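Visitor: next come a sequence and a model predicted from it.
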Amino acid sequence: MVLIQETKKSCMDENFARFLWPGDDLGYIGVDVEGSSGGLLCLWKPEVFQITGCCRSRNLVLLSGLAYLRLGCFIVNVYVIVVGEGIFGSFLKEVKKAWVSAPVEGWAGFRIMAKLRSLKQALKIWNVEVFGHVVSKLKVAEAELHSWDLVVEERDLTEAKARKRIEVRDEVWQSRKKLESIWLQKSRLNWALKRDKNTRCFHIMASRRQSRNLIDSMKINDTLYEEPLELKQAVWVYFKDLFTEGWKVTPRLGGEFSCIDQGQLQRLESDFSEAEVWVAVKECDGNKAPGWKVTPRLGGEFSCIDQGQLQRLESDFSEAEVWVAVKECDGNKAPGPDGFNLFCIQKGWKIMKGDIMDFMKEFHANGVLGNGINCSFVTLVPKSNCPESIKDFRPISCIYKVLSKVLV
């Protein structure tokens, strides 16, 4: 009998099973992969194991039967998803350490911003220490594992060397999972979660996204900019002028205002006379394009909210609805200026929820956002396939997602 984990096959049939184990008589049961990892397969000879029952799920295959037609037994094939102390085992520990140890006072929004900055610096150090150079580490580990495999083919290993081989094999597996996560982040495609990263199409799409997002030159106000610093400054000035009011001083209404008397009010509320209607018709330009043939009107009954619904709308934000909003967001979207996407908040919700709920309560009470709390990147999305001018791009901004989603 052979038990295989991590098959990464979306459809396992008899042809695939016989490819792995050629022969006339063969029994097999498999679990198809979901996402980019997983997949289980059990193979056996009917004369060695006779199956009487089966139970399977995404991570488990349980077989019951008779071994050599006389010994009752259970066979378990498990795909273990490592949580906590796995690849990112120290991630949440580092998040909790940096979040709790940051002594910040002030408004909740300001505290969140300061703690995110502190967390960003801590995670940069963690990234170098834990991830490091994944590709080079993987090559070294694979070479060492290959040398151990050659030794095993020649002679049996001692207990200490066998443990060392298991450690090297575990390091190879972890390095491969790290590399897959890096490629997934580079691609940021939904279908990447359902395909193996080691395909030519995957690499082309990941590289194409980077090349398409690159802006190496742009024409702004009939001037072509190619130098990165000059281009950056010109784009900043263009959108600064675009989003800035032209008024140096906002005009305000002041002075004394005359009021209408009772006679003027009665004339305003009186019925329309034939004379004033004819004056209005006569003064219109009769050469204009025709309008609606039938003027649209709103009809029907409109439901109103009751007192209970009104109270729920005006009530404080609950932790449950905030968590639902966080959980429903796509955590793999591009990060904001603080360097974090929603996936980080989703994973660290138990650590961050106290400060986040304080921020939500303060906003509900005051209706004011602290300076910089809703800062965001302005991403230039091309309107055409070959954009040349700044006018060929449209700006799109990522708003403060958690608050806006709860409000909606």
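Guide: Yep, that arrived. Worth saying up front: this structure is predicted, and the values here are computed from it rather than measured. Numbers count the residues shown, from 1 in each chain.
Visitor: against residue 299, how distant is the residue of the chain positioned farthest from its centre?
Guide: Taking Cα atoms, centre = their mean, the residue of the chain most remote from its mean C-alpha position is residue 275, at 65.1 Å. Plainly put, residue 275 is 33 Å away from residue 299 if you go by Cβ to Cβ, to the nearest Å. Quick note: C-beta positions are derived from backbone N, CA and C, even for glycine.
Visitor: same check on residue 46?
Guide: 73 Å.
Visitor: and these two? Which one has more around it.
Guide: In this comparison of residue 46 against residue 299, neighbours counted by other Cβ atoms under 10 Å, the higher total goes to residue 46 at 12 against 6.
Visitor: my guess is that one contacts residue 28. True?
Guide: No - counting by Cβ atoms under 8 Å, residue 46 stays clear of residue 28, with 10.7 Å between them.
Visitor: got phi/psi on residue 224?
Guide: Backbone geometry at residue 224, expressed as degrees, to the nearest 10, gives phi -90, psi 130.
Visitor: gap between it and residue 232?
Guide: Residue 224 is 15 Å from residue 232, by Cβ to Cβ.
Visitor: then residue 63 would be within a helix, right?
Guide: No - Residue 63 is assigned strand when assessed by DSSP: H, G, I helix; E, B strand; the rest coil, not a helix.
Visitor: who touches the residue lying closest to it once chain neighbours are set aside in this structure?
Guide: By the measure of Cβ to Cβ, 6 or more residues apart in numbering, the closest residue to residue 63 outside its immediate chain neighbours is residue 75, 4.2 Å from it. Residue 75 makes contact with 1, 3, 42, 49, 62-65, according to Cβ atoms under 8 Å, 6 or more residues apart in numbering.
Visitor: drop anything exposed from those residues.
Guide: Taking 16 or more other Cβ atoms under 10 Å as the criterion, what is buried in the contacts of residue 75 is 42, 49, 63, 65.
Visitor: which parts of this structure are helices?
Guide: Secondary structure of the chain (DSSP state H): helices at 14-20, 89-100, 108-126, 134-154, 159-187, 200-213, 228-242, 262-269, 274-283, 307-314, 319-328, 342-347, 349-366, 401-407.
Visitor: could you list the domains of this protein?
Guide: 2-78, 89-213 (automatic domain parsing).
Visitor: quick check: the gap between the residue farthest from the centre of the chain and residue 282.
Guide: Applying Cβ to Cβ to residue 275 and residue 282 gives a distance of 11 Å.
Visitor: and residue 150, by the same measure?
Guide: Taking Cβ to Cβ, one finds residue 150 at 102 Å from residue 282.
Visitor: also residue 300?
Guide: Where residue 282 is concerned, residue 300 sits at a distance of 37 Å (Cβ to Cβ).
Visitor: can I get the contacts of residue 75 in JSON lines with distance to residue 157 and pLDDT?
Guide: Conversion of those to JSON lines gives the following (distance: Cβ to Cβ, whole Å; pLDDT from 0 to 100):
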{"residue": "1", "distance to residue 157": "23", "pLDDT": "85"}
{"residue": "3", "distance to residue 157": "22", "pLDDT": "89"}
{"residue": "42", "distance to residue 157": "27", "pLDDT": "90"}
{"residue": "49", "distance to residue 157": "28", "pLDDT": "89"}
{"residue": "62", "distance to residue 157": "31", "pLDDT": "89"}
{"residue": "63", "distance to residue 157": "30", "pLDDT": "89"}
{"residue": "64", "distance to residue 157": "34", "pLDDT": "89"}
{"residue": "65", "distance to residue 157": "32", "pLDDT": "90"}
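Visitor: tabulate these (CSV), appending distance to residue 155.
Guide: Formatted as CSV, the contacts of residue 75 follow (distance: Cβ to Cβ, whole Å):
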residue, distance to residue 155
1, 26
3, 26
42, 30
49, 30
62, 36
63, 34
64, 37
65, 35
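Visitor: closest one of those to residue 32?
Guide: residue 42 (13.5 Å; Cβ to Cβ).
Visitor: wait, the closest one sits on residue 30?
Guide: Yes - at 7.3 Å, residue 42 counts as touching residue 30 under the criterion of Cβ under 8 Å.
Visitor: what's the local residue count around residue 390?
Guide: Residue 390 has 19 neighbours, counted by other Cβ under 10 Å.
Visitor: go ahead and confirm it touches residue 238.
Guide: Yes - counting by Cβ under 8 Å, residue 390 touches residue 238, with 5.6 Å between them.
Visitor: what do these two both touch?
Guide: Joint contacts of residue 390 and residue 238 (Cβ under 8 Å, 6+ apart) are residue 220.
Visitor: now residue 313: how far from residue 116?
Guide: On the measure of Cβ to Cβ, residue 313 and residue 116 end up 30 Å apart.
Visitor: output stretch 231-250 in PDB with nothing but the alpha carbons.
Guide: Extracted C-alpha coordinates of stretch 231-250, given in PDB (Å, rounded to 0.1, in the frame of the first residue of the first chain):
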ATOM      1  CA  LEU A 231       8.100  62.500 -14.100                       C
ATOM      2  CA  LYS A 232       7.100  61.900 -10.400                       C
ATOM      3  CA  GLN A 233       7.200  65.700  -9.700                       C
ATOM      4  CA  ALA A 234       5.200  66.500 -12.800                       C
ATOM      5  CA  VAL A 235       2.500  64.000 -12.000                       C
ATOM      6  CA  TRP A 236       2.300  65.300  -8.500                       C
ATOM      7  CA  VAL A 237       1.900  68.900  -9.600                       C
ATOM      8  CA  TYR A 238      -0.700  67.900 -12.200                       C
ATOM      9  CA  PHE A 239      -3.000  66.100  -9.800                       C
ATOM     10  CA  LYS A 240      -2.400  68.700  -7.100                       C
ATOM     11  CA  ASP A 241      -3.700  71.400  -9.400                       C
ATOM     12  CA  LEU A 242      -6.500  69.100 -10.500                       C
ATOM     13  CA  PHE A 243      -7.800  68.400  -7.000                       C
ATOM     14  CA  THR A 244      -7.200  71.900  -5.600                       C
ATOM     15  CA  GLU A 245      -9.800  74.700  -5.700                       C
ATOM     16  CA  GLY A 246      -8.900  77.700  -7.700                       C
ATOM     17  CA  TRP A 247     -10.300  80.100  -5.200                       C
ATOM     18  CA  LYS A 248      -7.600  81.600  -3.000                       C
ATOM     19  CA  VAL A 249     -10.400  82.800  -0.600                       C
ATOM     20  CA  THR A 250     -13.700  80.900  -0.600                       C
END
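Visitor: all good on my end, thank you.
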